[in-house]
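> This is a predicted model, with the sequence first.
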Amino acid sequence: MITKDGPILVLGGLPINRQIIGIGKKCEPEKWIKGEKLSDEQCTLCRCGGSGNKPFCDGAHAKIGFIKLYSKYGAIIGFQ
Ligand code: FES
């Protein structure tokens, strides 16, 4: 669930794992490698980019004034 001007609330115990980019022989990104498990419980994921504990929300969105801007038709048109 996306909260208004805040994080994504993850309900239902979805597993969240770190993903690492595997590099190929020509130094190109080749594949995703499953990394450490970060959570499998209810949590909040940062949507503003300001968290000091990514990928989780640490409340920084309130301090930086994260606000999503919507058009009159409900489409996301930017961030503030
Ligand atoms: S959404 Fe809360 S810190 Fe980014």
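Received, thanks. Numbers count the residues shown, from 1 in each chain.

> Residue 55: neighbour count?
Around residue 55 there are 16 other residues, counting by other Cβ atoms under 10 Å. Any C-beta I mention is one placed from the backbone N, CA and C, and that applies to glycine too.

> what's the distance between the closest residue to it other than its chain neighbours and the ligand?
With Cβ to Cβ, 6 or more residues apart in numbering as the criterion, residue 55 has its nearest non-adjacent residue at 5.3 Å, and that residue is residue 45. Taking Cβ to the nearest ligand atom, to the nearest Å as the criterion, residue 45 is separated from the ligand by 8 Å.

> Give the other helices and strands that the longest strand along the chain contacts.
Ranked by residue count, the top strand of the chain under DSSP state E comes out as strand 29-39. Packed against strand 29-39, as judged by 3 or more Cβ pairs under 8 Å, 6 or more residues apart in numbering; DSSP states H and E, are the following elements: strand 16-23.

> about what we covered before: return the longest strand of the chain as PDB; C-alpha atoms alone will do.
Taking only C-alpha atoms (Å, rounded to 0.1, in the frame of the first residue of the first chain), the coordinates of strand 29-39 have been written out as PDB:
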ATOM      1  CA  PRO A  29      25.900  -6.200 -16.200                       C
ATOM      2  CA  GLU A  30      24.900  -9.800 -16.800                       C
ATOM      3  CA  LYS A  31      22.500 -11.000 -14.200                       C
ATOM      4  CA  TRP A  32      20.900 -10.400 -10.800                       C
ATOM      5  CA  ILE A  33      22.400 -12.300  -7.900                       C
ATOM      6  CA  LYS A  34      20.200 -12.900  -4.800                       C
ATOM      7  CA  GLY A  35      21.800 -11.300  -1.800                       C
ATOM      8  CA  GLU A  36      21.000 -11.200   1.900                       C
ATOM      9  CA  LYS A  37      17.500 -11.300   3.200                       C
ATOM     10  CA  LEU A  38      16.500  -7.900   4.500                       C
ATOM     11  CA  SER A  39      13.000  -8.600   5.800                       C
END
